[in-house]
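1. what follows is a predicted structure for the sequence shown.
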Amino acid sequence: MQLLVDGLPAGARLHIANGTNNGTPFVIYNNQLAPGASVDLTIEYRLMDRVNLPVPAYRAQVVDPLPPEPITGTPTRIDRNCPAL
């Protein structure tokens, strides 16, 4: 599910947004939800102007779950122990 956050003022940023859809930032809930089920999400945004708090609107869109990110990089073996303090 994509949760789109409409109505943020200029300069506001959705914290940990997964992307944008036609300029509207969104977060993704990447697990399956059964019909009629619900999920609680915490949405945070950053404002340059903390005086005028926006009242964003939220829109949920059903999307297919994203595949897991591939693991990249070179594994490194760690073979040192730290002495006990």
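-> Received the coordinates, thanks. Owing to the predicted nature of the structure, the values given are computational and were not obtained by experimental measurement.
2. packing partners for the worst-scoring helix or strand of the chain on mean pLDDT?
-> Least confident helix or strand of the chain, by mean pLDDT, DSSP states H and E, is strand 45-46 with a mean of 86. Counting contacts by 3 or more Cβ pairs under 8 Å, 6 or more residues apart in numbering; DSSP states H and E, strand 45-46 is packed against strand 13-14. C-beta coordinates here come from the backbone N, C-alpha and C atoms, glycine included.
3. what residues are up against residue 66?
-> 28, 30 (Cβ atoms under 8 Å, 6 or more residues apart in numbering).
4. about what we covered before: contacts for the least confident helix or strand of the chain, please.
-> With contacts defined as Cβ under 8 Å, 6+ apart, strand 45-46 is touched by 5, 8, 12, 13, 14, 15, 54, 56.
5. in a markdown table, list the residues you listed along with distance to residue 75.
-> Shown next, in a markdown table, are the contacts of strand 45-46 (distance: Cβ to Cβ, whole Å):
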| residue | distance to residue 75 |
| --- | --- |
| 5 | 38 |
| 8 | 41 |
| 12 | 40 |
| 13 | 35 |
| 14 | 34 |
| 15 | 31 |
| 54 | 45 |
| 56 | 42 |
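6. can I get those residues in TSV with neighbour count and distance to residue 72?
-> Shown next, in TSV, are the contacts of strand 45-46 (neighbours: other Cβ atoms under 10 Å; distance: Cβ to Cβ, whole Å):
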residue	neighbour count	distance to residue 72
5	19	30
8	17	32
12	18	32
13	13	27
14	21	26
15	11	25
54	14	37
56	16	34
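7. before we move on, back to that, C-terminal to the least confident helix or strand of the chain, what's the next element?
-> strand 57-61 (DSSP states H and E).
8. let me know the average pLDDT across that next one.
-> Mean pLDDT, strand 57-61: 92.
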